[in-house]
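A.B. asks: Predicted model, plus sequence, below.
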Amino acid sequence: MNAGLRLVLTVPLALALLVVGGARADFALDVGGGDRLEVRTWGDGQRGPLFVWLLNQYGERGRADALAAALAARDAGVWRVDLLDSLLLERSADAIRSLDGAPVARLLGAAVDAAAGRPVVLVACDRMAAPALRGLRAWQQAGGDSRAVAGAVLFFPNLYRGTPVAGEEPELLGIVAATNLPLVIIQPALGAHRARLPALLERLRGGGGPAYAWLVDGVRDYYLMQSEKPVSESLQELGGPVPAAVERAIADTPTRLLAAARLLAATPRPTRPVAIELGDDRPTPPAYGFVERPARPAPDFALIDADGAHHALADQRGRVTLVNFWATWCPPCVHEIPSMNRLAAAYDPAEFAIVSINFKEEPAHVRAFMKRVAVDFPVLLDQDGRTSARWGVFAFPSSFLLDRAGRVRYSVNTALEWDTPETRALIDRLRAEPAP
């Protein structure tokens, strides 16, 4: 907790006491059950919207602090809460997906009291979008005035129940269909779930509420957390020189948020929660290792590699093939490359081959990466993401083991050490089958 006024408050006590000589104040909010949310504030006493910001799952604060300060300089207020830290939860996907909406609803109630008629806008990114939507619904169910909360802005939201078996479509959490307050989704054009955005919007709108989308060109998921020296170990691959497109997108974020707040505040909204069954809102466990799949023809592809040579799926017919989808910004993807090199070297290329497909990265960037990291198999470029979408890739890395006839027989949605006896036994079993 930073130096300054620190109070423990209960809902719905007005929070006017927090402003002391215009200085920033931090406080703790009692949300029941012995839990308290530690709230850091910027721009107390401002006249613009009040943004209630749920910190990202990695606890990265540097960029979030800078954005909050920039919003305060433009007459907005910001309350920022680290739900996982305040509730003593581990920083894991399952912990976030399992969070109910009660703490966020209490937070919204306190923010509405403090805002005194100014728009209150909830902000979340990635998996934090799930507790944000649950909080909006819980706020409505508790009798909160829907006009007092303008809605929410969700940056690259991950609203799926979990990582599906590679090649299968993911399931959306039940809260998606049970949301009807206005939403703005800010989606990176190069993000992993860009192709699924229309389906997400359709499901959100099915609840009876408006949902808007804003594409940000030239950036990927997690761009808001990119910095030269990330403080979180999970974000180390986002370290180093920050691309100009990312810096521009981050610099534009306060303008986008203020514009989104105006749009949300002006949008008509239902007066009560959508009257439907919530559906299955529980997370699903991930599938680790090889998953046997019903034999089916693999989706076709025709791509160029990093050096400009053309490749097609038909080129692999007659040999067992491992097709690996990856990206240079994905640490597990990079980690498994040496073992894939060793696996490829253990076989006659006429019997077994590896083909990797890089997701939405420029050829020059991939070539530069390959000068630093030895990759002993073709690296094809899926620059528009369409091939990954046809194969049903949800997470990186995702891999598919094909038989001699070009049919998917196994899939893997995590990184592996590939040169193991177990992997070779699967490959040898497929090699022993008759050629097509």
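C.D. replies: It's in.
A.B. asks: element containing Arg63, please.
C.D. replies: helix 62-73 (DSSP states H and E).
A.B. asks: Mind checking the pLDDT average for that helix?
C.D. replies: Averaged over helix 62-73, pLDDT sits at 93.
A.B. asks: Which elements pack onto it?
C.D. replies: strand 35-42, strand 50-54, strand 77-81, helix 244-266 (3 or more C-beta pairs under 8 Å, 6 or more residues apart in numbering; DSSP states H and E). C-betas here are computed from N, CA, C, even on glycine.
A.B. asks: looking at these, which is buried most?
C.D. replies: Ranked by mean neighbour count, the helices and strands packed on helix 62-73 are led by strand 50-54 with a mean of 26 (mean count of other C-beta atoms under 10 Å).
A.B. asks: export that one as CSV, just CAs?
C.D. replies: Taking Å, rounded to 0.1, in the frame of the first residue of the first chain, the C-alpha atoms of strand 50-54 are listed here in CSV:
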residue,chain,number,x,y,z
LEU,A,50,-14.6,6.7,-13.0
PHE,A,51,-12.8,3.6,-14.3
VAL,A,52,-12.8,0.6,-12.1
TRP,A,53,-9.8,-1.4,-13.3
LEU,A,54,-9.2,-5.0,-12.5
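A.B. asks: quick one, domains of the chain?
C.D. replies: 8-266, 291-431 (automatic domain parsing).
A.B. asks: Switch these over to CSV; also include distance to Val274.
C.D. replies: Shown next, in CSV, are these (distance: least, C-beta to C-beta, whole Å):
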stretch, distance to Val274
domain 8-266, 4
domain 291-431, 27
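A.B. asks: which of those sits most buried?
C.D. replies: Most buried among the domains of the chain, counting by mean count of other C-beta under 10 Å: domain 8-266, with a mean of 19.
A.B. asks: Pull the distance from that domain to the chain's centre.
C.D. replies: Distance of domain 8-266 from its chain centroid, counting by C-alpha atoms, centre = their mean, to the nearest Å, is 12 Å.
A.B. asks: Need the three-state assignment for Asp30.
C.D. replies: On the three-state scheme (DSSP: H, G, I helix; E, B strand; the rest coil), Asp30 is labelled strand.
A.B. asks: Kindly state the beta-bridge partners for it.
C.D. replies: Thr10, Arg36 (DSSP bridges).
A.B. asks: ranges for the helices of the stretch 151-300 of the chain?
C.D. replies: All helices of the stretch 151-300 of the chain, identified by DSSP state H, counting those that start in this stretch, fall at 197-205, 244-266.
A.B. asks: Which strand or helix spans Val366?
C.D. replies: Per DSSP H and E: Val366 is located in helix 363-372.
A.B. asks: For the stretch 301-436 of the chain, just list every one of the helices.
C.D. replies: Under DSSP H, counting those that start in this stretch, the stretch 301-436 of the chain gives helices at 331-335, 337-345, 363-372, 386-390, 421-431.
A.B. asks: residue ranges with poor pLDDT in the stretch 251-400 of the chain?
C.D. replies: Counting by pLDDT under 70, the stretch 251-400 of the chain contains no low-confidence range.
A.B. asks: do that again at 90, thanks
C.D. replies: The model of the stretch 251-400 of the chain has pLDDT under 90 over residues 269-288, 331.
A.B. asks: hang on, Ser411 packs against Gly167?
C.D. replies: Yes: counting by C-beta atoms under 8 Å, Ser411 touches Gly167, with 5.0 Å between them.
A.B. asks: anything in contact with each of these two?
C.D. replies: 293, 398, 400 (C-beta atoms under 8 Å, 6 or more residues apart in numbering).
A.B. asks: Quick check: of the residues you listed, which lies closest to Leu87?
C.D. replies: Of all the shared contacts of Ser411 and Gly167, Ser398 has the smallest distance to Leu87: 31.9 Å, by C-beta to C-beta.
A.B. asks: Show residues contacting stretch 231-246.
C.D. replies: Applying C-beta under 8 Å, 6+ apart, the set of residues contacting stretch 231-246 from outside is 58-62, 91, 217-219, 222-223, 225-230, 329-331, 334.
A.B. asks: which stretches of the stretch 101-250 of the chain form strands?
C.D. replies: For the stretch 101-250 of the chain, the strands defined by DSSP state E, counting those that start in this stretch cover 120-125, 149-155, 183-188, 211-216.
A.B. asks: Against which helices or strands is the first one packed?
C.D. replies: The one in question is strand 120-125. Counting by 3+ C-beta pairs under 8 Å, 6+ apart, strand 120-125 packs on strand 50-54, helix 102-115, helix 129-141, strand 149-155, helix 244-266.
A.B. asks: what angle separates that strand from helix 129-141?
C.D. replies: 160 degrees (axes from the mean of the first three to the mean of the last three C-alpha atoms, to 10 degrees).
A.B. asks: Which of the shared contacts of Ser411 and Gly167 fall in strands?
C.D. replies: Secondary structure defined by DSSP state E assigns 293, 398, 400 of these to strands.
A.B. asks: Mind putting the residues you listed into a markdown table with distance to Ala129?
C.D. replies: Converted to a markdown table, those look like this (distance: C-beta to C-beta, whole Å):
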| residue | distance to Ala129 |
| --- | --- |
| Arg293 | 30 |
| Ser398 | 22 |
| Phe400 | 29 |
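A.B. asks: Between the residues you listed, which sits nearest Pro286?
C.D. replies: Checking those against Pro286 with C-beta to C-beta, the nearest one is Ser398 at 11.9 Å.
A.B. asks: what's near enough to touch that closest one?
C.D. replies: Ser398 touches 166-167, 324-325, 391, 411-413, counting by C-beta under 8 Å, 6+ apart.
A.B. asks: try 7 Å
C.D. replies: By C-beta atoms under 7 Å, 6 or more residues apart in numbering, Ser398 lies in contact with 166, 325, 413.
A.B. asks: Identify the bridge partners of the second one.
C.D. replies: Legend: beta-bridge partners of Phe325 under DSSP bridges are Ile357, Ser398.
A.B. asks: was I right about it contacting Gly392?
C.D. replies: No: applying C-beta atoms under 7 Å as the test, Phe325 and Gly392 come out as separate, 10.0 Å apart.
A.B. asks: Let me know the pLDDT of the residue most central in space within the chain.
C.D. replies: Among the residues of the chain, the one closest to the centroid is Asp126, at 3.4 Å (C-alpha atoms, centre = their mean). The per-residue pLDDT reported for Asp126 equals 95.
A.B. asks: got it, and the one 4 residues further on?
C.D. replies: Per-residue confidence at Ala130 stands at 96 (pLDDT).
A.B. asks: so it makes contact with Ser98?
C.D. replies: No: counting by C-beta under 7 Å, Ala130 stays clear of Ser98, with 9.0 Å between them.
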